[in-house]
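K.L.:
quick one, what's the 3D model for this:
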Amino acid sequence: MASTDAEPLYGLPDDLVVTAEGPIRIVTLNRPDALNGATLVLHQALARVRTDIAEDADARVVILTGSGNAFSAGGDFGYMQDNIDDAEMRRQTMLEARAIVRGIVRLPIPVIAAVNGPAVGLGCSLAVLSDLVLLSDGSFLADPHLRMGLVTGDGGMAWPALMGLSRAKEYLFLGQKILPDKAVELGLASRVVPAADLMPEAMALANRLVKVPQAALRDTKLGLNSYIGAQLENAFEKAFQGEEASMGSPEHAAAVAAARTKS
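P.N.:
Prediction:
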C-alpha cells in the first residue's frame, strides 16, 4: 500500500487519494473497508483524475494501487442498485466509464498498476488498461460482468489485443478467476511480485521510467496504445452501449439482489 503521509493532490474526495513522490503520482483507491469497491463518488473521481494528472506539468509516471487488502472488488452493490433504479444515472455512469477508459489509454505518461489484491470487474479493467502491471502473489484478476448479467464493457475490450480473441472470449464469457502466474502467461500482466515487495518494486520501476527521455516515452506509449485506441469508437463503444442497456435488465437486477443477500 502507498504511503498516505504526503499531502493529497487535486482536491479529490477521500475515496481516491493522489500523492506525489517527486515526479511520481501515486493514485490510491481508498475504500479499504469495502475492498475499494466503486461508489458514485469514486467512479466520478476516477473519471476526472486523468485530466488532473495530464495538466500536472511535474507528473512523469503514475502508480495506481489500492489501500488495504484489495486492489478493487469492482462496483459497490449499492451503487449497482442505484443504477438499476435510475436510467439517467446509468447514462451518466457509462459516460464516466468512457472517460475512465479513454483517460488511461490516452494519458501521455505511463501508468503502472501495483495490484495488491483482488482486481475484479472495474478493478480488473483499471489494472489491465495500465501500461505495466505488477501483480502481488496474493492477487488475482477476474471480469465477472457476464455472471452479473452485464455486457462486458470497460477494459474487457482490450483483452483480445493482449491475449488473442479466442482466449479472451473464454475468460470473459466464463468470468473465471485468473491467478497471477496465469495472468502473466496470458499477457494481462508484466510480472508477479511478493506482496511485501510490491510497492518498492513499483517505485523502482517508476524511477527508472522517470529517467527515460520524456517526449520519446510519451509518443512511444501513445503509439503503442493506438492499437487499443483504434477500438475506442468501435469495439469499446459497442460494449459501452450494450453494458448501459444491460444495467436495466432483469438478469442484472436478479444477480445484484442475490449478491446483496449474500454480502
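
K.L.:
give the buried residues for stretch 234-242.
P.N.:
By neighbour count on 16 or more other CB atoms under 10 Å, the buried set for stretch 234-242 is 235-236, 239-240. C-beta coordinates here come from the backbone N, C-alpha and C atoms, glycine included.

K.L.:
what's next to it, contact-wise?
P.N.:
Applying CB atoms under 8 Å, 6 or more residues apart in numbering, the external contacts of stretch 234-242 come out as 94, 97-98, 101, 151-154, 156-157, 160.

K.L.:
ok now it, how far from the chain's centre?
P.N.:
17 Å (CA atoms, centre = their mean, to the nearest Å).

K.L.:
D14 - how many residues pack around it?
P.N.:
For D14, the neighbour count with other CB atoms under 10 Å is 11.

K.L.:
roughly how far apart are the residue nearest to it when sequence neighbours are not counted and S246?
P.N.:
Leaving aside its chain neighbours, D14 sits nearest to N30 (6.2 Å; criterion: CB to CB, 6 or more residues apart in numbering). N30 sits 29 Å away from S246, going by CB to CB, to the nearest Å.

K.L.:
more neighbours: which of these two?
P.N.:
Neighbour tally, N30 and S246, criterion other CB under 10 Å: the higher count belongs to N30, 23 against 19.

K.L.:
what sits against that one?
P.N.:
N30 makes contact with 14-17, 36, 67 under the criterion CB under 8 Å, 6+ apart.

K.L.:
what helix or strand does the closest residue in space to T93 that isn't next to it in sequence sit in?
P.N.:
Spatial nearest neighbour of T93, chain neighbours left out: N83 (5.6 Å); criterion: CB to CB, 6+ apart. Using DSSP states H and E, the element containing N83 is helix 77-85.

K.L.:
where along the stretch 51-200 of the chain do the helices fall?
P.N.:
77-85, 87-106, 122-129, 159-163, 165-174, 180-186, 198-210 (DSSP state H, counting those that start in this stretch).

K.L.:
export those to CSV and tack on mean pLDDT?
P.N.:
Shown next, in CSV, are the helices of the stretch 51-200 of the chain (pLDDT from 0 to 100):
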stretch, mean pLDDT
helix 77-85, 98
helix 87-106, 98
helix 122-129, 98
helix 159-163, 96
helix 165-174, 97
helix 180-186, 98
helix 198-210, 98
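
K.L.:
on the pLDDT front, check S3 for me.
P.N.:
At S3, the model reports a pLDDT of 41.

K.L.:
the one 4 residues further on too?
P.N.:
What the model reports for E7 is a pLDDT of 89.
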